[in-house]
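Colleague: Just to be clear, the model below is a prediction. Sequence and coordinates:
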Amino acid sequence: MRRALHPTMTGSRARTAALVAALLVPVGVAHAAPERVAYTWTVASPNDLVPSASGDTVAILGDGLTLLNLATWETTAISVCADPRGITAGTYEDRDAYWIGCGDGTVARVDLTGDSPTLASDTLAAADTAITAVEWDGTYLYVLSQGSNGLADLTAITPKDAIVAAGYPTTLSHDEVNDTLLLNGSLYVVHGSDDVSRVTTTGAGVVISTQMTGADYGNATATSAGMVYLTDSSGGDIWSFDTGSNGFSLMLSDVGDATTALCIDESSTDGWAAIAADDDVAIYNYASGMFGEESDRLTGVGPLDRLLTANAGALGLSTDESLVKWLTDAPWVQITSAPTTATTGDIAFSFVSDVDGEWTLWRGGSLDNSLNNATALDSGPITAGETITATTTVSSSGWVEGKNRVWVTVDDAAQLNLTGHDATDVVIDTPPPAMDYAVGFGESTVNVQITASNIADIVHYEVYLSDVPFSAADYPTGGPTFDNGDVTAPKTLNTTAGAAGSYTFYPLINGTTYYVAVRAVDAAGAEGPMSAVLSATPSYTYSASELRGDEGGFGCSSAGGTHARCTALLGFFLSGAVVLRRRQRPAASGSGYPLAPCALQFESP
């Protein structure tokens with residue numbers, strides 16, 4: 001994915017030149033400008049558009065903040081402050097983040113962690129008056145606010161510790177702030193009319209360009225070569241700004257009565273520029289820093305305030321109609337039905353496309369590598385408007401416990417080499433397996449030792465006890481209950497991945513056979529299968545001196561399958577797990593050796 005066209009270009013207007021590979025278009029393929037509005041979202045008073053640093057999210061700033069996920073095409077509204085005024089994006093502490101300037105002089109931050117945006121708890125007190133714009137260069141947050149003297153105040157501040165950079169704050173010579181742009185170590189501020197301020201970020205020297213052009217600059221756009229273009233909201237023109245001489249040149253005239261937004265696609269030699277002029281989007285050929293002839297015009301799209309290029313599309317914000325519009329010639333794909341959770345077995349996905357093509361169902365992968373690391377699950381032809389249902393099987397191969405992203409892509413049938421997509425997430429919640437465990441006994445006690453498991457979402461064990469024989473087949477879920485007045489079961493033992501468990505039932509009746517089973521439960525409440533049922537009979541125990549020469553006691557383990565496996569547990573029975581010890585001479589066996597303090601116990605029938 002192309003994220004930034006120039007290594008030193010960041011900020012609000014650099015985003016209008018960013019190429020977002022959101023449509024999964026093959027790299028190096030030339031495409032004409034888009035010719036149709038594929039989809040429209042309703043967003044309250046949208047007036048700014050900012051892609052995230054990773055390019056997989058677009059923030060729409062209006063009366064509030066709305067985040068558009070470019071993989072799933074879903075929007076999420078976030079309440080950041082009562083009067084949001086400006087927004088910028090970047091990487092902060094190794095994560096994508098947005099900063100939003102507010103009317104009360106504070107700056108809020110939204111962190112993007114996976115698909116879950118989070119409003120940071122700490123806000124930055126950056127100004128005493130309403131903030132009009134913010135920019136981020138990776139070190140400093142540049143904050144413009146309406147100064148008490150009527151002019152724009154500018155400060156540079158580190159967001160973590162709120163330290164103001166040397167030379168700041170400073171006051172500019174103009175008041176309004178229509179747009180801002182960070183480029184090659186300078187901050188450009190478009191004030192409206194024909195005024196532009198340039199602030200060198202290393203020293204805060206202010207250079208004011210006062211060349212009279214009669215234009216009313218509103219929107220600034222930078223290119224990969226470091227050129228800056230300005231829209232003219234009063235004359236319908238496009239101007240260029242020379243960052244070396246601080247001079248202006250007229251590049252295009254009379255595109256409309258007013259030009260309000262510009263975006264440029266430089267993804268190939270057949271580049272193009274989209275210009276929002278009145279209610280139209282005018283498409284011009286663009287190459288080597290020069291505008292060619294007008295090649296197309298989409299009429300009646302709406303009065304657009306921002307445009308963003310992508311390899312085969314442009315996203316426009318219609319402020320008067322409160323609409324966000326996605327323009328593209330690629331297939332528009334929508335997943336209409338999909339499971340949100342699954343365990344094992346077959347799951348189905350239904351989807352449609354608005355053009356003919358070839359569909360593919362994928363598991364895994366991401367936008368930033370055009371699904372190169374995804375696994376194709378199924379494919380076939382699709383007709384425009386036709387609902388396709390594809391079924392795939394959840395298995396241990398490739399599917400992971402937790403969230404799995406599933407994509408549907410459609411390659412167009414018109415040989416335009418364009419690909420549309422949609423995505424959804426399926427949470428795989430596989431029940432825990434049967435647990436391995438062992439039982440031992442002492443005087444009036446039965447002890448259960450559960451082997452540690454690495455199941456990521458395991459939360460507790462259910463330990464069952466009964467004095468009546470039972471089998472796992474008797475209980476597809478749950479298990480027997482037990483209550484003798486002193487001991488009750490089942491017992492719930494909280495646990496985590498990698499932790500063993502143990503429980504001792506006491507007091508029980510010596511000479512009575514008890515039956516034990518274990519079941520694991522995960523975070524979603526899914527029960528694993530019941531373990532093999534083991535039995536144990538509490539009996540008198542003996543001191544260590546009375547057991548000299550004895551081979552020791554034996555306990556039973558469920559490991560190794562459905563049949564119990566018995567192992568020597570002498571050390572266990574001589575430990576603190578033995579609650580009571582009686583000094584009673586054991587009866588002699590026919591071999592002359594004392595009887596073991598416990599007999600071999602087998603799984604109940």
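Modeller: Yep, that arrived.
Colleague: Can you pull out the low-pLDDT segments for the stretch 501-605 of the chain?
Modeller: Low-confidence regions of the stretch 501-605 of the chain, defined by pLDDT under 70, span residues 541-605.
Colleague: go on, the stretch 201-350 of the chain?
Modeller: 203-210, 268-269, 310-312.
Colleague: Who are the contact partners of the closest residue to Asp48 other than its chain neighbours?
Modeller: Using Cβ to Cβ, 6 or more residues apart in numbering and skipping residues adjacent in sequence, the residue nearest Asp48 is Leu61, 4.1 Å away. All C-beta spots, glycine's among them, are computed from the backbone N, C-alpha and C. By Cβ atoms under 8 Å, 6 or more residues apart in numbering, Leu61 lies in contact with Pro46, Asn47, Asp48, Leu49, Val50, Pro84, Gly86, Ile87, Ile100.
Colleague: again, only this time at 7 Å
Modeller: Shown in contact with Leu61 (Cβ atoms under 7 Å, 6 or more residues apart in numbering): Asn47, Asp48, Pro84, Ile87.
Colleague: can you redo the residues you listed as a markdown table with distance to Val281, secondary structure and neighbour count?
Modeller: Below are the contacts of Leu61 laid out as a markdown table (distance: Cβ to Cβ, whole Å; DSSP: H, G, I helix; E, B strand; the rest coil; neighbours: other Cβ atoms under 10 Å):
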| residue | distance to Val281 | secondary structure | neighbour count |
| --- | --- | --- | --- |
| Asn47 | 17 | coil | 16 |
| Asp48 | 18 | strand | 23 |
| Pro84 | 26 | strand | 21 |
| Ile87 | 23 | strand | 26 |
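Colleague: Ser249: which of the residues you listed is nearest?
Modeller: Ranked by distance to Ser249 (Cβ to Cβ), those are led by Asp48 at 26.7 Å.
Colleague: Against Asp63, how distant is that closest one?
Modeller: Shown here: Asp48 relative to Asp63, a distance of 12 Å by Cβ to Cβ, to the nearest Å.
Colleague: what does Thr309 give?
Modeller: For Thr309 relative to Asp63 (Cβ to Cβ), the value is 26 Å.
Colleague: With neighbour numbers in mind, choose between those two.
Modeller: Thr309 (28 against 15; other Cβ atoms under 10 Å).
Colleague: thought Leu67 was touching Ser52?
Modeller: No. With contact defined as Cβ atoms under 7 Å, Leu67 does not count as touching Ser52 (8.5 Å).
Colleague: Isn't Thr319 up against Asp305?
Modeller: Yes. Thr319 lies in contact with Asp305 (Cβ under 7 Å); the separation is 4.6 Å.
Colleague: Please enumerate the shared neighbours of these two.
Modeller: Asn47.
Colleague: Between the two, which is the more surrounded one?
Modeller: Set Thr319 next to Asp305 and count neighbours by other Cβ under 10 Å: Asp305 wins out with 21 against 18.
Colleague: does that one sit in a helix or strand, and which one?
Modeller: Assessed by DSSP states H and E, Asp305 sits inside strand 304-310.
Colleague: could I have the following helix or strand past that strand exported to PDB, CA atoms only?
Modeller: For strand 304-310, the following helix or strand on the C-terminal side (DSSP H and E) is strand 313-318. The C-alpha coordinates for strand 313-318 follow below in PDB (Å, rounded to 0.1, in the frame of the first residue of the first chain):
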ATOM      1  CA  GLY A 313     -11.600   5.800  -6.900                       C
ATOM      2  CA  ALA A 314     -12.100   9.100  -5.200                       C
ATOM      3  CA  LEU A 315     -14.000   9.700  -1.900                       C
ATOM      4  CA  GLY A 316     -15.900  13.000  -1.900                       C
ATOM      5  CA  LEU A 317     -17.600  14.800   1.000                       C
ATOM      6  CA  SER A 318     -20.800  16.700   0.200                       C
END
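Colleague: Give me the next element, helix or strand, following strand 313-318.
Modeller: Reading on from strand 313-318 to the C-terminus, the next helix or strand found by DSSP H and E is strand 323-328.
Colleague: Quick check: neighbours of the next helix or strand after that following strand in the sheet, parallel or antiparallel?
Modeller: With elements assigned by DSSP H and E, the helix or strand that comes after strand 323-328 is strand 333-337. Counting by DSSP bridges, the strands paired with strand 333-337 are strand 345-353 (antiparallel).
Colleague: Now find how far off-centre the strand it pairs with is within its chain.
Modeller: On the basis of Cα atoms, centre = their mean, to the nearest Å, strand 345-353 sits 22 Å off its chain's mean C-alpha point.
Colleague: Okay, now the sheet partners of the helix or strand just after it, with direction.
Modeller: Proceeding N to C from strand 345-353, the next assigned helix or strand is strand 357-363, under DSSP H and E. Sheet pairing here is set by DSSP bridges, and for strand 357-363 it gives strand 375-382 (antiparallel), strand 402-412 (antiparallel).
Colleague: Flag every buried residue along the shortest one.
Modeller: Neighbour counts using 16 or more other Cβ atoms under 10 Å place Leu377, Ile382 of strand 375-382 among the buried residues.
Colleague: which residues are in contact with it?
Modeller: 353, 356-364, 388, 390, 392, 398, 410.
Colleague: of the residues you listed, buried ones?
Modeller: 353, 356-364, 388, 390, 392, 410.
Colleague: Redo the residues you listed as TSV? Include distance to Val427.
Modeller: Shown next, in TSV, are those (distance: Cβ to Cβ, whole Å):
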residue	distance to Val427
Ser353	26
Asp356	33
Gly357	29
Glu358	29
Trp359	23
Thr360	22
Leu361	18
Trp362	17
Arg363	13
Gly364	14
Ile388	23
Ala390	19
Thr392	15
Val410	25
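Colleague: for these, which one is nearest Ser116?
Modeller: Ser116 has its nearest neighbour among the buried ones among the contacts of strand 375-382 in Gly364, at 18.9 Å by Cβ to Cβ.
Colleague: Next up, the contacts around the closest one.
Modeller: Asn373, Ala374, Thr375, Arg405.
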